[in-house]
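Visitor: just coords:
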């Protein structure tokens, strides 16, 4: 906890510097300086690259929107514990550049990737260097963010629709982080360090994992991937500008009863690292720390702690504390001891593949139109078990025989009959045979909302591979299981060894989302991960075949056909989420007026809580801003020291009557310095005739001893 305490103590001085806004230089000035660096000024063979980092807010609607990850319709946003960020990193050699983004999102949906690429293509400054082929967007997979930004029915269903303002904000936030990284480009080097991290994660699908060949399992130390790979960005002048790491663990240390937006364990670890490095979230150029996702498909942080509680404190949620501090600690250890420089060319390959008809040579068969299996309804033990599953984990075609499970057999036939009335293909022998052991619960690759509309989930998948010197990045548009990731990494590194690649990482949940990806052997057991492997038993082999193809193209210097174009869903989305007609306050009150005032004084460690009459936070997301400010009195002037992105504060919204809102701002003072403070609330009220109006409210002063 010492590092956490240090980060919080530093917060005050760090955010005082934020008052200077963009004192480090305007966007135009930074862009001008970055343009001075040409490809001729670096030598990748000698470990010299163009490097740049950028960060931007992507927090989204903080009230009355379903959250992504647990698929629990009752988990609806009601405030903020920690803002969500998009973190972008650019590396370039003499001829090529790549962009790697880690976003604090539940999933990185395909339409987000397409629209970010379109915005980049529309910018004459960016278009010559970046496109969908060399932009890799990935999600951390936090289970504490708002949803409604997919466009595909299955992923928007529990949210009650597609929320275009939220989608547009995410697209623009990711784009802005890339733009900032581009403007911050400068000559520098990239250091790599690889270690192992124990005691954070466990395998939640051991029965499925143990079905992998014994000789293959014997090659590895355990049934989860403990590899922690970190790269460190240092400018030619010696300035440390960023860090990026990949480690496999689900960010679901905070359970579905929580309704405050949070980055969960990876977002919190990134916050601690950035605070120690002096990150200023309001500046266009600042240190950026990305805690990216790897092959976490069957990996839980709750293995030794039971189902995750809704507790948002490190002291109260031991599983969260364990996952946050150990990831942060390992990143700091590897960062501080990194000495090996990446050297060699930057390269990339990308293709779109229709997974309904990919021929897998090793299997002698094609992959399948997508389908979610019966065990999908059971959820996953230790993370999101269903309270009332239609089928249990491990439900296969054989286990649904009349003799073994008469009830399940009848239910399966009933559900299959309903779907086949409209989509006859779902009952075809060819479709069922293609999915092998999987009894289809939802035929997502066949069922359409209307006959001309998109399927429930995407069928055309992006397959992408990056080479940054001696490091390979495998971008997988799914949640890759431990052994699937190990197979991918070995295959790619073996193929690229001849061009100097020694290290490989799996960038999971990248560029699109097609649920899970299990090995053929794991698939046969039809646990949750296998049931969610949408494209059938040969999906993992099919993806591996394509990654090998991309690797060989890099080695041979040959191009890859782009493949079929995925559909644009923007005209086929629906939105049934509740809307804000207008905001009001009780007669005699004002927007921002205090309902519950703070005490006159607090001992350090006590919680400060102030309640205001407010407005709906969806009126304005306050992107790159804050709904709350904790202000400290210094020489007679109150200055900001904490915001709604600091995890010791919470911003909570509740409806009062039909159009009134109560806003409660709380602050855990465990790490506060002694002094006099006050709480400021910033909001936007929606007017009955349209538009919104900015207002603020401020509490009385109080002391922390």
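Guide: Cool, the structure landed. The model shown is predicted, which means the values in this text are computed figures rather than measured ones. Numbers count the residues shown, from 1 in each chain.
Visitor: what's the first-to-last distance across stretch 98-113?
Guide: One end of stretch 98-113 sits 15 Å from the other (C-alpha to C-alpha, to the nearest Å).
Visitor: pLDDT on that stretch, on average?
Guide: Stretch 98-113 carries an average pLDDT of 98.
Visitor: ok, residue 255 touching residue 308?
Guide: Yes: here residue 255 reaches residue 308: they are 3.8 Å apart, a contact under C-beta atoms under 8 Å. C-beta coordinates here come from the backbone N, C-alpha and C atoms, glycine included.
Visitor: of these two, who's got more company?
Guide: Set residue 255 next to residue 308 and count neighbours by other C-beta atoms under 10 Å: residue 308 wins out with 27 against 23.
Visitor: Within the helices and strands, which one has that one?
Guide: Take DSSP states H and E as the rule and residue 308 turns out to sit in neither a helix nor a strand.
Visitor: residues of stretch 213-223 that come out buried?
Guide: Judged by neighbour count (16 or more other C-beta atoms under 10 Å), stretch 213-223 contains these buried residues: residue 223.
Visitor: residues in contact with that stretch?
Guide: 196, 203, 206, 209-210, 482-483, 486, 521 (C-beta atoms under 8 Å, 6 or more residues apart in numbering).
Visitor: Who are the contact partners of the closest residue to residue 640 other than its chain neighbours?
Guide: Closest residue to residue 640 in three dimensions, ignoring its sequence neighbours and counting by C-beta to C-beta, 6 or more residues apart in numbering: residue 629, at 4.7 Å. With contact set as C-beta under 8 Å, 6+ apart, residue 629 has these partners: 640, 642-643, 679-680, 682.
Visitor: And the helices in the stretch 1-150 of the chain?
Guide: 2-16, 27-35, 110-121 (DSSP state H, counting those that start in this stretch).
Visitor: Which one of those has the poorest average confidence?
Guide: Note on these: helix 2-16 shows the lowest mean pLDDT, a mean of 36.
Visitor: So for the spatially closest residue to residue 624 that is not a sequence neighbour, what pLDDT did the model give?
Guide: Closest residue to residue 624 apart from its sequence neighbours, by C-beta to C-beta, 6+ apart: residue 57 at 4.8 Å. You'll see residue 57 listed with a pLDDT of 98.
Visitor: re the thing from before, what are the pairing partners of the helix or strand encompassing the residue nearest to residue 640, and which direction each?
Guide: Residue 629 is located in strand 628-634, with elements delineated by DSSP H and E. Using DSSP bridges, strand 628-634 pairs in its sheet with strand 637-643 (antiparallel), strand 675-686 (antiparallel).
Visitor: Let me know the average pLDDT across the longest one.
Guide: Averaged across strand 675-686, pLDDT comes to 97.
Visitor: just checking, next helix/strand downstream of that strand?
Guide: strand 692-698.
Visitor: what's the least confident helix or strand in this structure, going by average pLDDT?
Guide: Ranked by mean pLDDT, DSSP states H and E, the weakest helix or strand in the chain is helix 2-16, scoring a mean of 36.
Visitor: buried stuff in the strand holding residue 629?
Guide: Residues of strand 628-634 classed as buried: 628-632 (neighbour count, 16+ other C-beta under 10 Å).
Visitor: Now render those as CSV, adding distance to residue 565 and pLDDT.
Guide: Listed next are these as CSV, based on distance: C-beta to C-beta, whole Å; pLDDT from 0 to 100:
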residue, distance to residue 565, pLDDT
628, 44, 98
629, 46, 98
630, 49, 98
631, 52, 98
632, 54, 98
